[in-house]
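Asker: please find the sequence and the predicted model below.
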Amino acid sequence: MVALRRVLVLGLARSGEAARAALEGRGVEVVGADRSLGNDDDLELLDDVDVLVKSPGVPGESALPAAARRRGIPVWSEIELGAHLLENNPILAVTGTNGKTTTAELLGHVLAAPVAGNVGRPLTSLVGTVPQGRPIVCEVSSFQLEDVHELRPWIAVLLNLEPDHLDRHGSFEAYRAAKLRVFENQRPDDAAVVPRGFEPVPGAGRRIEFAADDPLPAEPRIPGAHNRENAAAATAAARAAGIDEATIAAGLRTFAGVPHRLEPVREIGGVRYVNDSKATNAAAARRALTTYDAPIHLILGGSLKGEPFDELAALIAATNVVTAYLIGQAAEQLSAVLANAKVPFLLSVTLERAVAEAASAARPGEVVLLSPACASYDQFEDFEHRGEEFRRLVENL
């Protein structure tokens, strides 16, 4: 590990503040910089710095990280820093395009282990609070994996890989390469958990495969074929960690899921309202659509991420979607592909109007589903804010 005397923490949101606190608790001098910085005058912040710790929202090509690399200063994600500071705690890392939080929380539930990382609880916030030797489950995103170097998960899980965040990574190949970095430092006594038939992955971890149709010690409480696949991945990881079948079965039966992922909000007049705000890409929305047999009123849209919607539109046309209600920046692009697929839609523009229009049209036995297939930053702070607003609107119906 690099000797840390002076560290620049770039990005002072949740993970940046946790990183700063953890470092200062170790007696390290910390320079904090807001992500808005990056002019030539700000490059003085790099003077005498041993490491730059970068928040995931800060692009790697921005001024300070780029200048740090030119000077030979290592650029770490908060996850990399956490792995160094928690070197005596085995890490079970969970990544993939969709299902990360559900699987990480389910795995933490089965192992009775803390869950951190991309779930919203910074890994560095556990420094000094978790006994040595206790496993930690860590959800890791592609943005966090861009800047790992020595992270070596005891067990690493890849759930799936589909196009996402192309606006940030530039190509699916770059996104894929970032995701697969979770395996690159594994050794033969580590475990690499991957979908059945997936290509070879980096590193020397012992390969373990899973699939949605795997025999499980119990059926998961959470609904949907995609959640059975998540449960299969968590089961494979738990077995690799030495957890017995009875404990895994109990965890599968009792885990109720996490907010904003196919979350039942309310039933009004026989109409079910479901919050799937975390479906921030088309693949996640496709999974949600296959969960329900009932007719669906689908709320779609948000900020664009550079991925096409043609495959999603084809699935919507082939399933039991009554009407799509389009919101946000993506509404115009979605309207074009849905029109080509002959899917009925309304340009609702706002979530408030979409909920009102869907509630007016829905009949008993039908589902109003917020599964946007887009990010939320055009109209909301994040997907949680969008989901909470959906809940509020439904509660006020």
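Answerer: Structure received.

Asker: how about the helices of the stretch 1-150 of the chain, start to end?
Answerer: 14-25, 63-70, 78-85, 100-111, 142-145 (DSSP state H, counting those that start in this stretch).

Asker: elements contacting the fourth one?
Answerer: Contacts defined by 3 or more CB pairs under 8 Å, 6 or more residues apart in numbering; DSSP states H and E place helix 100-111 against strand 91-95, strand 115-117, strand 136-139, helix 225-240, helix 245-254. C-beta coordinates here come from the backbone N, C-alpha and C atoms, glycine included.

Asker: in this structure R14 contacts G120, no?
Answerer: Yes: the pair R14 and G120 passes the contact test of CB atoms under 8 Å, sitting 7.1 Å apart.

Asker: mind putting the helices of the stretch 1-150 of the chain into TSV with distance to A236, mean pLDDT and mean neighbour count?
Answerer: Output for these, formatted as TSV (distance: least, CB to CB, whole Å; pLDDT from 0 to 100; neighbours: other CB atoms under 10 Å):
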stretch	distance to A236	mean pLDDT	mean neighbour count
helix 14-25	28	96	21
helix 63-70	35	93	17
helix 78-85	22	98	25
helix 100-111	10	97	25
helix 142-145	20	95	24
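
Asker: what's the closest of those helices to V355?
Answerer: Among the helices of the stretch 1-150 of the chain, helix 100-111 comes nearest to V355, with 24.0 Å by CB to CB.

Asker: quick one: contacts of that closest one?
Answerer: Residues outside helix 100-111 that contact it (CB atoms under 8 Å, 6 or more residues apart in numbering) are 92, 94, 96, 113-115, 117-119, 135, 137-141, 157, 159, 220, 222, 227, 230-231, 233-234, 237-238, 241, 243, 247-248, 251-252, 254-255, 257-258, 261, 278.

Asker: kindly export it (C-alpha atoms) in PDB.
Answerer: The C-alpha trace of helix 100-111 is given here as PDB (Å, rounded to 0.1, in the frame of the first residue of the first chain):
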ATOM      1  CA  LYS A 100     -26.600  -5.300  -7.900                       C
ATOM      2  CA  THR A 101     -28.300  -3.700  -4.900                       C
ATOM      3  CA  THR A 102     -30.900  -6.400  -4.500                       C
ATOM      4  CA  THR A 103     -28.300  -9.200  -4.700                       C
ATOM      5  CA  ALA A 104     -25.800  -7.400  -2.400                       C
ATOM      6  CA  GLU A 105     -28.500  -6.700   0.200                       C
ATOM      7  CA  LEU A 106     -29.800 -10.300  -0.100                       C
ATOM      8  CA  LEU A 107     -26.200 -11.600   0.300                       C
ATOM      9  CA  GLY A 108     -25.700  -9.400   3.300                       C
ATOM     10  CA  HIS A 109     -29.000 -10.600   4.800                       C
ATOM     11  CA  VAL A 110     -27.900 -14.300   4.400                       C
ATOM     12  CA  LEU A 111     -24.400 -13.700   5.800                       C
END
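
Asker: how does this protein divide up, domain by domain?
Answerer: With domains defined by automatic domain parsing, the chain comprises 6-73, 87-254, 263-395.

Asker: fine by me, thanks again.
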